[in-house]
Each structure stands twice: as structure tokens, then as C-alpha cells.
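Undergrad: here is my input; please provide its structure:
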Amino acid sequence: MVVVYILYLVYFAIAITLALSILLYVYQCDLLYAAGFPTGSRSVVAKPSQYGLPDKEEILVTKDGVKLRSYVLIQRGDDVAIQSPTLLCFHAHTGNMGHRLPIAQVFFKKLGYNVVMLSYRGYGLSEGNPNEKGLQIDAQTVLDYVLRHPILRHTKLVAYGQSLGGAVAINLVSKNEEKFQALMIENTFLSVPLLIPHIFPALRHLVYLCHQTWRSYKSIRYIRHIPILFLSSLKDEIVPPQHMAKLYKISQTGGIKVWRDFENGTHNDTCMQTGYFESIAEFIRDNVWDYSD
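TA: Numbering: from 1, shown residues only. Reported below is the predicted structural model:
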């Protein structure tokens with residue numbers, strides 16, 4: 001009887017392990033790319049005009065034929081726009097670009113930057129389904145658009161990414177460093193496999209099944225010259241702050257590395273912390289904005 005009971009426990013453990021394995025392998029894109037949260041994110045995208053910004057939307061087509069929605073906010077007057085830095089903004093794993101318009105409003109109206117933002121494939125009103133390779137193509141597509149733009153191609157480019165967007169930005173800059181003047185990342189993880197044990201402890205022994213890896217700890221080593229700003233919330237409940245600290249430590253850029261942490265910040269409210277936009281403005285002023293132009 002005892003042997004039968006033990007066998008049942010073994011079978012149960014195997015069944016649970018198999019179920020978790022299937023969950024992680026088959027549904028990891030749904031888990032990682034939460035494009036439908038908050039509710040309505042796939043059907044309702046705020047417009048720039050709701051925040052007093054230029055209502056300029058571009059539909060970009062990727063090399064694999066996916067149509068992406070992008071907002072392009074350019075300072076008024078060609079001379080002003082050309083002298084202003086251009087921020088390529090990559091958002092986190094939930095919502096869409098419309099949810100980041102309050103941040104773009106500060107960048108554009110208060111700090112005087114050009115702003116280019118997009119909803120990744122499978123996010124907002126963009127077509128397709130999100131995955132690591134696809135988001136990398138999306139990022140390259142928006143960069144290529146900027147590099148062809150009659151005004152923006154003459155500006156200094158800065159990649160800015162929050163959480164997952166930080167991984168997107170690191171990957172893009174690592175492959176196109178000569179096109180960028182600086183990189184800014186916020187609450188970004190070392191890699192998805194290293195993040196899983198923190199978010200899903202039950203899956204910690206199954207990380208070998210993870211095919212969405214985003215190994216930022218590798219990509220960041222290929223960024224050798226430009227300045228990098230690290231923005232970290234010390235009460236981040238999703239990405240352990242140690243991930244950001246490690247990215248800062250292993251970065252080998254010859255440009256300046258700037259660390260700014262926020263004692264009371266959590267994963268999603270970093271931009272509301274005292275000194276957040278001031279830290280960005282100071283970084284851009286000292287490392288990007290050329291007042292001799």
C-alpha cells in the first residue's frame with residue numbers, strides 16, 4: 001500500500017512538472033508580452049492631442065510585413081527640431097504607446113526633445129504577435145525610419161527603454177551603436193531566464209525551456225562607446241534591483257555610466273519619483289545636447 005501511495009506521488013509530481021513545462025514553453029509569449037493588460041489595451045490607444053502634443057501617427061511596415069503604429073513628435077521649426085535630441089522610446093511589457101504619452105509630454109513640452117514611440121507588434125493597434133525576434137525587428141524598423149526622415153536623421157539619437165523596453169533598447173543599440181548618442185534604461189532585467197525564478201518560483205527548475213531570452217547581460221557588453229543612464233527603483237517588485245546593478249557593473253562602455261536610484265520607487269512608478277526627469281535632463285544636457293550647434 002505504501003509503495004502504491006509513493007507511486008501516486010511520483011506520478012503526480014511528474015504530471016505537475018509536465019504541466020508547468022508546457023505552460024512555460026507554449027505560453028511564455030502570453031506571459032511575457034501582456035499586451036492585453038490593462039483591459040482594452042489592444043483596442044484603445046490614446047492620441048497625442050489628448051496631451052497637447054502633435055497628432056502625428058506613422059504606420060511603419062517591417063521587413064516581415066507587419067504594420068506597426070508609431071507616434072512621431074517633432075519640435076516646431078526645422079532648425080529647432082534638428083538641434084533637439086530625438087528619443088526613441090520603447091515601452092514595457094504591458095499596455096501600448098498611448099499609456100506612455102504622459103512621459104512623452106514631459107520630454108516634448110518641458111525638456112524640448114523630439115520623441116518617437118511605437119506599439120510593438122501585437123500591442124495597441126499594431127498587427128502581428130509579439131516575440132523576441134519580432135520586437136527586435138520592430139525596433140530596427142523604427143530606427144531605420146528615423147534614419148531616413150528628412151529632419152530626424154540629422155538629430156542626435158537616444159534610445160530610452162523601460163523594463164522590457166530596456167532590453168529592446170540595449171539589443172538595438174548593441175547592433176547600431178554608431179547611430180546613437182546615448183542609451184537610457186529603466187528597471188531592466190539581465191535576462192528572462194534569470195528573471196523567471198523571481199516572478200514564477202515554481203518554474204525555477206524549468207528555465208531551460210525558455211525560448212524568449214532577452215540576454216541583456218550579453219548585449220550590453222557590445223556597447224563600447226556611448227554614455228548610458230541607469231534608472232533603478234529600489235523597491236521594484238518585478239525586476240530585482242540587483243539586475244540593474246549587475247547591468248551597470250558589467251557594462252564596458254568607454255562613455256560615462258550614470259547611476260540613479262529611487263529609494264521608494266516600484267516597478268511601474270519610477271517616472272513619478274522625485275528627481276526622475278531631472279536626472280534624465282541632466283544626463284542629456286551633459287552628454288547629448290550640443291549647445292554649440
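Undergrad: so, low pLDDT: which residues of the stretch 151-293 of the chain?
TA: Applying pLDDT under 70 to the stretch 151-293 of the chain flags residues 200-206, 208, 290-293.
Undergrad: ok, which stretches of it are strands?
TA: Applying DSSP state E, counting those that start in this stretch to the stretch 151-293 of the chain gives strands spanning 157-162, 182-186, 228-233, 257-262.
Undergrad: JSON lines for those, including distance to T274 and mean neighbour count?
TA: To be clear about C-beta, it is placed using only N, CA and C from the backbone, and glycine gets the same treatment. Below are those laid out as JSON lines (distance: least, Cβ to Cβ, whole Å; neighbours: other Cβ atoms under 10 Å):
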{"stretch": "strand 157-162", "distance to T274": "18", "mean neighbour count": "27"}
{"stretch": "strand 182-186", "distance to T274": "15", "mean neighbour count": "27"}
{"stretch": "strand 228-233", "distance to T274": "12", "mean neighbour count": "24"}
{"stretch": "strand 257-262", "distance to T274": "8", "mean neighbour count": "18"}
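Undergrad: mind putting these into a markdown table with distance to S70?
TA: Formatted as a markdown table, the strands of the stretch 151-293 of the chain follow (distance: least, Cβ to Cβ, whole Å):
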| stretch | distance to S70 |
| --- | --- |
| strand 157-162 | 15 |
| strand 182-186 | 19 |
| strand 228-233 | 23 |
| strand 257-262 | 28 |
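Undergrad: K47: which of the ones you listed is closest?
TA: Smallest distance to K47 across the strands of the stretch 151-293 of the chain (Cβ to Cβ): 20.7 Å, for strand 157-162.
Undergrad: helices or strands up against the closest one?
TA: strand 86-90, helix 164-175, strand 182-186 (3 or more Cβ pairs under 8 Å, 6 or more residues apart in numbering; DSSP states H and E).
Undergrad: what's the last one packed up against?
TA: Where contact means 3+ Cβ pairs under 8 Å, 6+ apart, strand 182-186 is packed against strand 157-162, helix 164-175, strand 228-233, helix 276-287.
Undergrad: picking that back up, in a markdown table: the helices and strands packed on strand 157-162, plus distance to M117.
TA: Output for these, formatted as a markdown table (distance: least, Cβ to Cβ, whole Å):
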| stretch | distance to M117 |
| --- | --- |
| strand 86-90 | 4 |
| helix 164-175 | 10 |
| strand 182-186 | 14 |
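Undergrad: and the spatially closest residue to R260 that is not a sequence neighbour, how far is that from Q212?
TA: Nearest non-adjacent residue to R260, counting by Cβ to Cβ, 6 or more residues apart in numbering: S279, 4.3 Å away. For S279, the distance to Q212 (Cβ to Cβ, to the nearest Å) stands at 30 Å.
Undergrad: show me what contacts V168?
TA: V168 makes contact with F90, Y120, L135, Q136, D138, A139, G161 under the criterion Cβ atoms under 8 Å, 6 or more residues apart in numbering.
Undergrad: same question, V288
TA: V288 neighbours (Cβ under 8 Å, 6+ apart): P85, K156, V158, Q181, A182, P227.
Undergrad: could you redo the last one with a cut-off of 7 Å?
TA: Shown in contact with V288 (Cβ atoms under 7 Å, 6 or more residues apart in numbering): P85, K156, V158, Q181, A182.
Undergrad: quick check: which of the strands of the stretch 151-293 of the chain is nearest to V239?
TA: Closest approach to V239 among these (Cβ to Cβ): strand 228-233, 8.6 Å.
Undergrad: just the buried positions in stretch 278-289, please.
TA: Going by neighbour count (16 or more other Cβ atoms under 10 Å), the buried part of stretch 278-289 is S279, I280, A281, F283, I284, N287, V288, W289.
Undergrad: can you say which two of those residues are spatially most distant?
TA: Farthest apart among the buried residues of stretch 278-289 - using Cβ to Cβ - are S279 and W289, which lie 14.7 Å from each other.
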